[in-house]
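next comes the sequence, and after it the predicted model I'd like to discuss.
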Amino acid sequence: MSPVSRPELVTDPSVWQARCRADREAGARLVLVPTMGYLHEGHATLLREARRRADAFSAGESGGREPSGARGGAPRGVAVATIFVNPTQFGPAEDLSRYPRDLEGDLAMCAAAGIDRVLAPADPRQVYAPAHETWITVERVSQGLCGASRPGHFRGVATIVAKLFNLSCPDVAIFGEKDFQQLAVIRALVRDLSYAVEIVGMPIVREPDGLARSSRNVYLSAADRPKALSLSRALFAARDEAARGTRDGAALRAQSRAALEAAGARVDYVEIVHPETLAPVDHAEAGSVMLVAAYIGTTRLIDNVRLP
Ligand code: AMP
């Protein structure tokens, strides 16, 4: 284990922007992990990957680009993370006010992962000007799935991610496949607005029993916890069924929906989509992605698997 030193904590976005700019002017490469905090092992894998990639820059692996020490400084990779519960991606009836927070615990996890600097604005008004009126809408991939049941959610996501990219100017940004549609929205944002950032998607980290790690799992009561397992179980069963040769999307979806409902989950959607366009498919191909969203009590959970 590398020695644990506390990351530099920045709360003011304009200070953050100046610090990131100074790094870049000194020849450093930045690797960014945006989060909403209350960090768990899923986030930790992203943070460790950021450290690993930053160290690769420091070792001079510039990925075919100019050496990172081109301006005379020692080649250096800087791993940074942001912790911000972004209000604009929450709907009026959603869990913004009760979203779990633990800045001290988060900083300890960032330290253990070797993160150099953390932006954690104390107040959303530091991030959004009172007169904020500019929004980014990624049109096609934001529709359907979570976009259908959470109107405005991906507009809020795309806008905050664009702001974080403009504040940080990262060379690499790391996201989880747990939020599969979010990752597709961000890839489209980067492609369409020509952000010079490499987007890295990391596999879903699960509890030993299969439940996808999520900050929202803390909402689950002891009675809810076994019901929450129905999401991953339904997906894994569909994956096994597809491996046995069932390619009919309707059959796979129906089987998963029935399993979720039998477990007491209230299904928002069960869908099989193309991995890049997120267009629904009737015939599951190798690489198609099955996604579910379901309520366990009042807690809305999402999960997905790639089909074989
Ligand atoms: P959040 O704090 O929920 O906004 O998540 C921040 C980042 O961590 C996003 O890119 C998520 O996709 C990712 N993430 C959250 N949970 C997991 C998980 N269980 N496995 C992998 N990545 C995750």
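Great, that's in hand.

for residue 4, give me the pLDDT.
On the pLDDT scale, residue 4 is placed at 78.

show me the contacts for it.
Residues near residue 4 by CB atoms under 8 Å, 6 or more residues apart in numbering: 111, 112. To be clear about C-beta, it is placed using only N, CA and C from the backbone, and glycine gets the same treatment.

next, it: secondary structure please.
Secondary structure state of residue 4, per DSSP: H, G, I helix; E, B strand; the rest coil, is coil.

how about the helices in this structure?
Shown for the chain, the helices assigned by DSSP state H span residues 13-25, 41-58, 103-113, 145-149, 153-168, 180-192, 224-243, 249-262.

next, format these as a markdown table and append mean neighbour count, mean pLDDT and distance to residue 290.
Listed next are the helices of the chain as a markdown table, based on neighbours: other CB atoms under 10 Å; pLDDT from 0 to 100; distance: least, CB to CB, whole Å:
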| stretch | mean neighbour count | mean pLDDT | distance to residue 290 |
| --- | --- | --- | --- |
| helix 13-25 | 16 | 98 | 38 |
| helix 41-58 | 20 | 97 | 19 |
| helix 103-113 | 18 | 98 | 30 |
| helix 145-149 | 19 | 98 | 11 |
| helix 153-168 | 21 | 98 | 20 |
| helix 180-192 | 21 | 98 | 10 |
| helix 224-243 | 20 | 97 | 5 |
| helix 249-262 | 18 | 98 | 7 |
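
out of these, which is closest to residue 289?
Set against residue 289 and scored by CB to CB, the helices of the chain come closest in helix 180-192, at 6.2 Å.

tell me what angle that closest one forms with helix 153-168.
Relative orientation of helix 180-192 versus helix 153-168 (axes from the mean of the first three to the mean of the last three CA atoms, to 10 degrees): 50 degrees.

quick one on the thing from earlier: any idea which of the helices of the chain gets closest to the ligand?
helix 41-58 (2.5 Å; CB to the nearest ligand atom).

show me which residues of the chain sit near the ligand.
35-36, 42-43, 46, 175-176, 178-179, 202, 204-205, 212-215 (CB under 6 Å from any ligand atom).

can you pull the contacts of the residue nearest to residue 305 when sequence neighbours are not counted?
Using CB to CB, 6 or more residues apart in numbering and skipping residues adjacent in sequence, the residue nearest residue 305 is residue 235, 4.3 Å away. Residue 235 makes contact with 256, 290, 292, 303, 304, 305 under the criterion CB under 8 Å, 6+ apart.

all set, thanks.
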